[in-house]
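Q: Quick one, what's the 3D model for this:
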Amino acid sequence: PLRESTLTAADHTWIRLQETASPMASVAVLFFARVLPIEELKALVEDRLMSYERFRQRILPSRLPRARPRWHEGDDFALDHHLFRSTLSPQGSATDLETLIRKLLSEPRSGDQPLWQLHLVEEVDGGSALVVKIHQSVVDGTSASRIILGLGSTKEGDDSGITSQGLEGRFRAEEVVEAASQSGATVRSLCRLIAQRSDTDSSLMGKPTNQRQVAWSQDFPLIRLRSFATRLETSETELLLAAVTACLRQELIRLDLLPEATILRAVVPCNLRGPEDDPLGSRFGLAVLPLPVGRTTVRSRIRKLRQDMDDLGSDPGSFAAFQDTGDPGFRMSHVEDQIARQIAKKTTLLLSLAPLPTEPLYFCGQKLEHWLYWPAQAGLQKLCLGISATSDQLRLGVIVDTGSAADPHRIAQAFDQALAELAAASGETT
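A: Have a look, this model is predicted:
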């Protein structure tokens with residue numbers, strides 16, 4: 001039988017916010033040392049993704065005027081419309097893969113199909129890459145990363161534990177949810193954002209052009225990061241944010257935007273779901289975190305970041321919570337549209353710290369070597385940084401709009417250098 005349901009107001013918000021320059025999709029790139037067998041990959045997707053009804057549904061307009069669209073599952077769904085296979089040339093390089101990723105980042109998904117797709121790319125350094133793209137209305141960016149990692153399993157075939165490396169440890173999700181449910185909370189959030197000072201206007205800000213460049217850093221061992229944290233008496237999250245701050249500082253210096261452009265804020269998505277909550281739809285928060293690009297030392301950056309994160313954690317109302325539970329306090333409306341747009345206008349970049357598996361993950365028998373992840377960009381930022389890790393290695397992925405003067409490859413290289421600075425500050429000896 002054909003099944004239908006009306007989009008929640010939250011889902012509809014992401015459709016309304018979608019623009020040519022912002023396709024509103026989360027994107028992941030998973031790397032493997034060998035080629036994934038296509039038939040096994042199809043079976044894996046059938047088993048792990050098709051169990052979610054939303055991945056079989058497309059969006060149709062409402063039959064009633066001014067009503068929200070509807071999710072529709074027809075009898076014509078075909079996995080071949082969502083799983084594609086391509087091969088880089090034998091002389092292919094990372095640049096060819098970057099070109100493919102840039103194309104996928106810029107292309108809105110056709111509304112006549114469910115809003116997700118997978119691309120298996122062969123001959124990537126002798127192995128393969130799996131590129132995953134999922135629209136924000138299907139699942140928000142904080143949960144999409146967990147669903148993507150959930151396609152894998154341990155070597156024994158079990159599910160791996162997933163742990164957060166973001167801001168979630170600095171606040172209690174239930175307190176943020178409670179604050180957002182209070183009468184007038186959304187209007188207060190909007191007023192607070194309007195009153196905030198914007199980042200210093202620069203070539204890093206402004207409306208995207210829909211042409212993107214991508215790059216990524218070298219792998220970095222998590223065991224070394226953890227040893228830095230122990231020596232510096234800080235957290236891994238604070239170290240990663242300090243490294244991001246340092247690499248952005250170097251890019252601002254290169255563009256001659258310091259010392260004037262000392263106000264640089266990142267919008268950081270935060271998961272608000274509990275372990276038993278539905279992984280689909282919207283249930284996340286956005287935190288605006290200042291990055292102390294004016295600070296010149298590792299320790300001073302860490303101190304400032306710790307203070308600002310503590311301030312965020314002590315004020316649940318400082319998070320913009322996006323979810324739809326049926327409670328009128330959570331219903332997304334044009335006010336929430338404006339909140340998302342104001343956040344984009346007041347900040348310079350989107351910064352994501354994706355969750356990481358606690359054990360090595362295997363997909364179709366092949367070990368996940370490393371991966372990149374960027375959540376959907378809802379707004380005007382020209383810069384998106386995503387930190388993602390396996391159980392033993394981490395990488396920074398960089399997306400830069402061509403309308404920005406920033407260079408993604410230089411930012412990725414500066415991140416590698418910033419991690420070396422952390423090693424020196426921690427007293428690591430080679």
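Q: quick one, what contacts R58?
A: With contact set as C-beta atoms under 8 Å, 6 or more residues apart in numbering, R58 has these partners: 71-74, 111-115. Heads up, the C-betas are built off the backbone N, CA and C, glycines and all.
Q: do the same with G313
A: 167, 170-171.
Q: follow-up on the earlier one: identify, from the contacts of R58, the entry nearest to L248.
A: L115 (31.7 Å; C-beta to C-beta).
Q: how close does the closest residue to the closest one other than its chain neighbours get to E175?
A: Once flanking residues are discounted, L115 sits nearest to H135: 3.5 Å by C-beta to C-beta, 6 or more residues apart in numbering. For H135, the distance to E175 equals 29 Å [C-beta to C-beta, to the nearest Å].
Q: So which of these two has more stuff around it?
A: Legend: neighbour count by other C-beta atoms under 10 Å for H135 and E175, higher for H135 (25 against 15).
Q: what's around L130, how many residues?
A: 24.
Q: thinking it is in contact with L36, fair?
A: Yes - L130 lies in contact with L36 (C-beta atoms under 8 Å); the separation is 6.5 Å.
Q: shared neighbours of these two, which are they?
A: Between them, L130 and L36 share these contacting residues under C-beta under 8 Å, 6+ apart: 120, 363.
Q: Name the SS class of L419, please.
A: Applying DSSP: H, G, I helix; E, B strand; the rest coil to L419 yields a three-state assignment of helix.
Q: For the residue positioned nearest the centre of the chain, which non-adjacent residue is spatially closest?
A: Against the mean C-alpha coordinate of the chain, by C-alpha atoms, centre = their mean, the closest residue is P375 at 2.5 Å. Spatially, and ignoring its direct neighbours in sequence, P375 is nearest to G141 (2.6 Å; C-beta to C-beta, 6+ apart).
Q: what's the answer for L36, then?
A: Distance criterion C-beta to C-beta, 6+ apart; nearest residue to L36, sequence neighbours excluded, is C364 at 4.9 Å.
Q: pretty sure A266 is in a helix, no?
A: No - under three-state DSSP, A266 sits outside any helix and is assigned strand.
Q: thought it was touching L349?
A: Yes - counting by C-beta under 8 Å, A266 does reach L349; the two are 5.1 Å apart.
Q: Quickly list what's touching both of the two.
A: Overlap between the contact sets of A266 and L349, as judged by C-beta under 8 Å, 6+ apart, is given by L385.
Q: Which of the helices or strands spans L118?
A: Following DSSP states H and E, one finds L118 within strand 116-124.
Q: Now do the contacts for I411.
A: I411 makes contact with 215, 247-248, 251, 385, 396, 398, 400, according to C-beta under 8 Å, 6+ apart.
Q: sorry, back to before: from the chain's centroid, how far away is the strand holding L118?
A: Relative to its chain's centre, strand 116-124 lies at 19 Å (C-alpha atoms, centre = their mean, to the nearest Å).
Q: so what strands line up beside it?
A: Applying DSSP bridges, strand 116-124 is found paired with strand 83-87 (parallel), strand 127-135 (antiparallel).
Q: Outside of the longest one itself, list whatever touches it.
A: Outside strand 127-135, the residues within contact range by C-beta under 8 Å, 6+ apart are 14, 23-36, 41, 97, 100-101, 104, 109, 115-122, 144, 147-148, 363, 366, 369, 376.
Q: Which ones among the residues you listed lie within strands?
A: Counted as lying in strands by DSSP state E, out of the contacts of strand 127-135, are 25-32, 116-122, 363, 366, 369.
Q: can you give me the helices for the stretch 101-250 of the chain?
A: Using DSSP state H, counting those that start in this stretch, the helices of the stretch 101-250 of the chain run over 141-149, 173-181, 185-195, 222-232, 236-254.
Q: could those be laid out in TSV, adding mean pLDDT?
A: Shown next, in TSV, are those (pLDDT from 0 to 100):
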stretch	mean pLDDT
helix 141-149	92
helix 173-181	70
helix 185-195	60
helix 222-232	95
helix 236-254	94
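Q: winner for burial among those helices?
A: Highest mean neighbour count of the helices of the stretch 101-250 of the chain: helix 141-149, a mean of 24 (counted as mean count of other C-beta atoms under 10 Å).
Q: which strands and helices sit next to that helix?
A: Judged by 3 or more C-beta pairs under 8 Å, 6 or more residues apart in numbering; DSSP states H and E, the packing partners of helix 141-149 are strand 25-32, strand 127-135, strand 265-271, strand 283-290.
Q: Okay, angle between that helix and strand 25-32 too, please.
A: Compare the direction of helix 141-149 with that of strand 25-32 by axes from the mean of the first three to the mean of the last three C-alpha atoms, to 10 degrees and you get 30 degrees.
Q: CA atoms only for helix 141-149 - export them in CSV, please.
A: The C-alpha coordinates for helix 141-149 follow below in CSV (Å, rounded to 0.1, in the frame of the first residue of the first chain):
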residue,chain,number,x,y,z
GLY,A,141,23.3,16.7,10.4
THR,A,142,24.1,15.6,14.0
SER,A,143,22.2,12.4,13.4
ALA,A,144,23.1,11.7,9.8
SER,A,145,26.8,11.2,10.8
ARG,A,146,25.6,8.4,13.3
ILE,A,147,23.4,6.8,10.7
ILE,A,148,26.3,6.8,8.2
LEU,A,149,28.7,5.2,10.7
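Q: Can you give the distance from it to the centre of its chain?
A: The chain centre lies 9 Å from the centre of helix 141-149; the measure is C-alpha atoms, centre = their mean.
Q: Give me the phi and psi angles of Q307.
A: Main-chain dihedrals, Q307, degrees, to the nearest 10: phi -60, psi -50.
Q: end to end, how far does stretch 248-262 reach?
A: End-to-end distance of stretch 248-262 (C-alpha to C-alpha, to the nearest Å): 11 Å.
Q: What of stretch 210-220?
A: Distance between the two ends of stretch 210-220: 30 Å, counting by C-alpha to C-alpha.
Q: Run through who's touching it.
A: The list of residues contacting stretch 210-220 from outside it, by C-beta under 8 Å, 6+ apart, reads 20-22, 98, 101-102, 105-106, 370, 372, 393-403, 407-409, 411-413, 415-416, 419.
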